[in-house]
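J.: pasting the sequence and the predicted coordinates here, then a few questions.
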Amino acid sequence: MGYKINKCLVTGCGGFIGSYLAEFLLAEGVAVYGTVYRDTRKIEHLKDVMSILNCDVRKNTQVNEIVDEVQPDAVFHLAAQSLIAQSRKEPEITLTTNLLGTLYLLEAIRRARIDAVVVVVGSSSEYGLGYENEIPIKEN
């Protein structure tokens, strides 16, 4: 038995993966609400077929308002600071974005009593560098 998604929230929709995910979901007939922090260039061509919402996941109030407004069936959480070099330059921003942003989103969903499927997306960078004979990198 499959799970039918009618309305989906994609945080970090303006990024590489988020933009392709939005296209896929739209092609499947899902109503997509995508959050962006700054840059909308990757989803500019979708602005007439999806809802683009400005959001800084470090702002708890903004996250709560969006979750309350959208009431999604599914959430794909991709909003993060994923660049390793940038994380070393700005560790506090990285931690507040990646950790508190995720906490704020999960708490907003819990507080709103939404029974949504939630997928928190990570990066292969969390595993560190792999040797050629270790690719693809295994979960363990």
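T.: On my side now, so go ahead.

J.: going forward, measure contacts between C-alpha atoms and count neighbours the same way
T.: Noted.

J.: got the buried residues for the helix or strand bottoming out on mean pLDDT in the chain?
T.: Every helix and strand of the chain was ranked by mean pLDDT, DSSP states H and E. The lowest is helix 84-89, at a mean of 88. For helix 84-89, the buried set under the neighbour-count rule, 16 or more other Cα atoms under 10 Å, is empty.

J.: quick one: contacts of that helix?
T.: Gln81, Ile93, Thr94, Ser125 (Cα atoms under 8 Å, 6 or more residues apart in numbering).

J.: ok, then the element right after that helix?
T.: Downstream of helix 84-89, the first helix or strand assigned by DSSP states H and E is helix 91-95.

J.: where does this structure dip in pLDDT?
T.: Applying pLDDT under 70 to the chain flags the ranges 1-2, 126-127, 139.

J.: ranges for the helices of it?
T.: Listed in chain order, the helices of the chain (DSSP state H) span 16-27, 60-70, 84-89, 91-95, 101-111.

J.: export these to a markdown table and tack on distance to Asn133?
T.: Shown next, in a markdown table, are the helices of the chain (distance: least, Cα to Cα, whole Å):
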| stretch | distance to Asn133 |
| --- | --- |
| helix 16-27 | 26 |
| helix 60-70 | 42 |
| helix 84-89 | 23 |
| helix 91-95 | 31 |
| helix 101-111 | 33 |
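
J.: just name the most buried of those.
T.: Highest mean neighbour count among the helices of the chain (mean count of other Cα atoms under 10 Å): helix 101-111, with a mean of 18.

J.: CA atoms of the least confident helix or strand of the chain as PDB?
T.: Only the C-alpha atoms of helix 84-89 are listed here, as PDB (Å, rounded to 0.1, in the frame of the first residue of the first chain):
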ATOM      1  CA  ILE A  84      32.500  22.200   3.900                       C
ATOM      2  CA  ALA A  85      34.800  25.100   3.300                       C
ATOM      3  CA  GLN A  86      32.000  27.500   4.200                       C
ATOM      4  CA  SER A  87      31.200  25.600   7.400                       C
ATOM      5  CA  ARG A  88      34.800  26.100   8.500                       C
ATOM      6  CA  LYS A  89      34.600  29.800   7.800                       C
END
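
J.: sorry, back to before: next, format the contacts of helix 84-89 as a markdown table and append distance to Gly12.
T.: Listed next are the contacts of helix 84-89 as a markdown table, based on distance: Cα to Cα, whole Å:
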| residue | distance to Gly12 |
| --- | --- |
| Gln81 | 10 |
| Ile93 | 16 |
| Thr94 | 14 |
| Ser125 | 18 |
